[in-house]
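# My questions concern the predicted model and sequence given below.
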Amino acid sequence: MHCELVVPGLYAAAAATRLPALELLLARGRAKRHERGRLEDWLREAFGLEGALAAGALSVAHPGDALWARADPVHLRLMRDRLILVPAAALGVAAAEAAALCEALSRHFGALAFEPVTPSHWCVRLSGELAGVSIENPLDLAGREVGLAMPAAGHALVNEAQMLLHAHPANAAREARGEAALNSVWLWGAGRAPKVPPAPWQSVSAQDPLVLGLARAAGARHRALPATAQAWLERAPEEGRHLVVLDALRAPLALSQQAECRAALEALERDWFAPLLGALRAGRVGMLSVHVPEGGERASCETIRGDLRRFWRRPRPLERYA
């Protein structure tokens, strides 16, 4: 079996944190460099797509021929003369809140249909072309000034949505609990469902519905990411090539939450890197690859069991690869 891990934000989040299992894999394996990019850029290339990624149409289960966009809930925080974006991953959105807010948005706009694919990932079926919608995932804009980032074509729709969200009881309840309101949506990844070539992987595991949608369109088995590598291995076939996307670092890294980054790294080491290193040593996994979309010296690294005998390649801190 060839297991491929995609871990966006890995090196950027790794300062002052030692991960022995992962460091050993990177030190003993064969490295490849590539240019820096976003996770969405890596996915587009890996799945053999051209042009902008139609994240909305790929995230819904049945897009048909309609035009879709992602409309992820966010909190826009006014700080003096700047608007700072906080993504849904940092907001603890409940399923009931997402369903109520999307139903209210759909009822208000009529021709537009909002769908909460997950509590933190919403999509909207558009009634026509909406030129200039962003291509940037709100996770990549977290903590940044976004007052000028939303293209002009989307301003009217978003402004109207903000007024509705501000007055909704679900947000009043959040604020009463001391939680940030879901006071806007971020429109990105507009387009129609593309034709996706057959996937090179037998299975794909991830949390983001965009990744699962790409796998579905490419004819690969797909499922939500299990909590641990051990749970994943219990269901994974003995043979084949398998993709696992571990994106737990994106939100805390973007928001500069050092303690949360450290906790996420430690969880990845405990739950994924160490067990998979053990499976490689035992022969359960034949090859283990680690892909880091942000680029650099160890942008991709492949390790087989025999590579672990290269004792002269000593592990070094992950921050050295950034």
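That came through, no problem.
# Might you list the low-confidence residue ranges for the protein?
Along the chain, segments meeting pLDDT under 70 span 16, 35-36, 130-132, 147-155, 295-298, 321-322.
# domains for it, by residue range?
2-49+196-321, 56-191 (automatic domain parsing).
# need those in JSON lines with mean neighbour count, can you?
The way it works is simple: take the backbone N, C-alpha and C, and place the C-beta from them, glycine included. Below are these laid out as JSON lines (neighbours: other C-beta atoms under 10 Å):
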{"stretch": "domain 2-49+196-321", "mean neighbour count": "18"}
{"stretch": "domain 56-191", "mean neighbour count": "18"}
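# could you measure residue 268 against residue 274, distance?
9 Å (C-beta to C-beta, to the nearest Å).
# quick one: the helices in the protein?
Per DSSP state H, the chain carries helices over the ranges 20-28, 39-46, 55-59, 95-109, 152-167, 169-176, 209-217, 229-235, 250-254, 258-268, 274-282.
# Of these, give the one that comes closest to residue 303.
Nearest to residue 303, of all those, is helix 20-28, at 4.9 Å by C-beta to C-beta.
# Could you tell me the angle between the closest one and helix 258-268?
Per axes from the mean of the first three to the mean of the last three C-alpha atoms, to 10 degrees, the angle that helix 20-28 makes with helix 258-268 is 80 degrees.
# elements contacting helix 20-28?
When contacts are defined as 3 or more C-beta pairs under 8 Å, 6 or more residues apart in numbering; DSSP states H and E, helix 20-28 packs onto helix 274-282, strand 287-291, strand 296-304.
# who wins for proximity to residue 200 among the ones you listed?
strand 287-291 (11.9 Å).
# Partner strands of that closest one and their direction?
Strands that pair with strand 287-291, judged by DSSP bridges, come out as strand 2-6 (parallel), strand 296-304 (antiparallel).
# export those to a markdown table and tack on distance to residue 289?
A markdown table is the format used below for the strands paired with strand 287-291 (distance: least, C-beta to C-beta, whole Å):
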| stretch | distance to residue 289 |
| --- | --- |
| strand 2-6 | 4 |
| strand 296-304 | 5 |
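# Residue 75 and residue 180 touch, don't they?
Yes. With contact defined as C-beta atoms under 8 Å, residue 75 reaches residue 180; the gap is 4.2 Å.
# where do the contact lists of these two overlap?
Counting by C-beta atoms under 8 Å, 6 or more residues apart in numbering, the common neighbours of residue 75 and residue 180 are 86, 91.
# out of the strands paired with strand 287-291, which comes closest to residue 29?
Nearest to residue 29 among the strands paired with strand 287-291 is strand 296-304; the distance by C-beta to C-beta comes to 3.4 Å.
# Residue 189: which of the helices of the chain is closest?
Closest among these, once you apply C-beta to C-beta, is helix 55-59, at 2.6 Å.
# other SSEs contacting the closest one?
With contacts defined as 3+ C-beta pairs under 8 Å, 6+ apart, the packing partners of helix 55-59 are strand 67-79, strand 121-126, strand 184-191, helix 209-217.
# what's the closest of those to residue 23?
Closest approach to residue 23 among the helices and strands packed on helix 55-59 is made by helix 209-217 (26.1 Å; C-beta to C-beta).
# Give me the distance between stretch 190-207 and the centre of its chain.
Remark: stretch 190-207 is offset 14 Å from the chain centroid, using C-alpha atoms, centre = their mean, to the nearest Å.
# likewise stretch 249-269?
Centre-to-centre, stretch 249-269 and its host chain are 14 Å apart (C-alpha atoms, centre = their mean).
# Endpoint to endpoint, that stretch covers what distance?
Using C-alpha to C-alpha, to the nearest Å, the end-to-end distance of stretch 249-269 comes out at 12 Å.
# contacting residues around that stretch?
7-10, 12-14, 16-17, 19-22, 39, 86-87, 89-90, 139-143, 246, 248.
# same thing with stretch 105-119?
Looking at what lies outside stretch 105-119 - C-beta under 8 Å, 6+ apart - the contacts are 59-61, 71, 88, 93-95, 97-99, 101-103, 122-127, 157, 160-161, 164-165, 185, 207, 209.
# Kindly recompute the last result at 7 Å.
59-60, 71, 93-95, 98-99, 102, 122-127, 161, 164, 209 (C-beta atoms under 7 Å, 6 or more residues apart in numbering).
# Over to stretch 230-241?
Outside stretch 230-241, the residues that touch it by C-beta under 7 Å, 6+ apart are 1-2, 4, 200-203, 205, 226, 242, 244, 275, 279, 284.
# Would you check which pair of those lies furthest apart?
Pairwise distances across the contacts of stretch 230-241 peak at 23.9 Å for 200 and 275 (criterion: C-beta to C-beta).
# hang on, isn't residue 165 packed against residue 100?
No. Using C-beta atoms under 7 Å, residue 165 is not in contact with residue 100; the gap is 10.8 Å.
# list the residues that contact both of the two?
By C-beta under 7 Å, 6+ apart, residue 165 and residue 100 have no common neighbours.
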